[in-house]
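>>> Okay, sequence plus prediction incoming.
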Amino acid sequence: MARNYMKEAIDILESHPDKHHSIITQILKDRPSAIVKSYRLIEVQNVSWMPDVLRIMRAGHKIAAIKQLRAVTRMGLQEAKEEIEKLQDSYNIKFT
């Protein structure tokens, strides 16, 4: 199982408020993908987009649902497609 660094990262940032800028700058230099992935995770967890996407899916429009999800979360095409497929399974939605 992958290690979840979120709590550790929050603890570090909270215990070193004077170093936020230098810590974040270093992350941006070393691991810009970590910032992007974290942001996307936060966007996905903020499910305010879900009712619109589910409505589109229930109308039978898989591609439109993927486009909507990408627009509101800034996900890549593959990520959005996988998320729609997870929702499809979870909500038992059939596309024709």
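Here it is on my side, so go on. Worth saying up front: this structure is predicted, and the values here are computed from it rather than measured.
>>> Show me what secondary structure element comes after the lowest-mean-pLDDT helix or strand in the chain.
Lowest mean confidence among the helices and strands of the chain (mean pLDDT, DSSP states H and E): helix 32-45, at a mean of 66. On the C-terminal side of helix 32-45, the nearest following helix or strand under DSSP states H and E is helix 50-58.
>>> helices or strands up against that following helix?
On a contact count with 3 or more Cβ pairs under 8 Å, 6 or more residues apart in numbering; DSSP states H and E, helix 50-58 meets helix 62-73, helix 77-90. Where you see a C-beta, it was placed from the backbone N, CA and C, and this is true even at glycine.
>>> could you dump these to CSV with mean pLDDT?
As requested, the helices and strands packed on helix 50-58 are exported to CSV (pLDDT from 0 to 100):
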stretch, mean pLDDT
helix 62-73, 92
helix 77-90, 91
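>>> Of all these, which one is nearest Ser33?
Distances from Ser33 to each of those were compared using Cβ to Cβ; the shortest belongs to helix 77-90, at 12.8 Å.
>>> Keeping just the C-alphas, turn the closest one into PDB.
As requested, C-alpha coordinates have been extracted for helix 77-90 and formatted as PDB (Å, rounded to 0.1, in the frame of the first residue of the first chain):
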ATOM      1  CA  LEU A  77      -8.400  12.500 -20.600                       C
ATOM      2  CA  GLN A  78      -7.400   9.100 -19.300                       C
ATOM      3  CA  GLU A  79      -8.000  10.100 -15.700                       C
ATOM      4  CA  ALA A  80     -11.400  11.500 -16.500                       C
ATOM      5  CA  LYS A  81     -12.400   8.400 -18.500                       C
ATOM      6  CA  GLU A  82     -11.400   6.100 -15.600                       C
ATOM      7  CA  GLU A  83     -13.300   8.300 -13.100                       C
ATOM      8  CA  ILE A  84     -16.400   8.100 -15.300                       C
ATOM      9  CA  GLU A  85     -16.100   4.400 -15.600                       C
ATOM     10  CA  LYS A  86     -15.800   4.100 -11.800                       C
ATOM     11  CA  LEU A  87     -19.000   6.200 -11.500                       C
ATOM     12  CA  GLN A  88     -20.600   4.100 -14.100                       C
ATOM     13  CA  ASP A  89     -20.000   1.000 -12.100                       C
ATOM     14  CA  SER A  90     -20.900   2.600  -8.800                       C
END
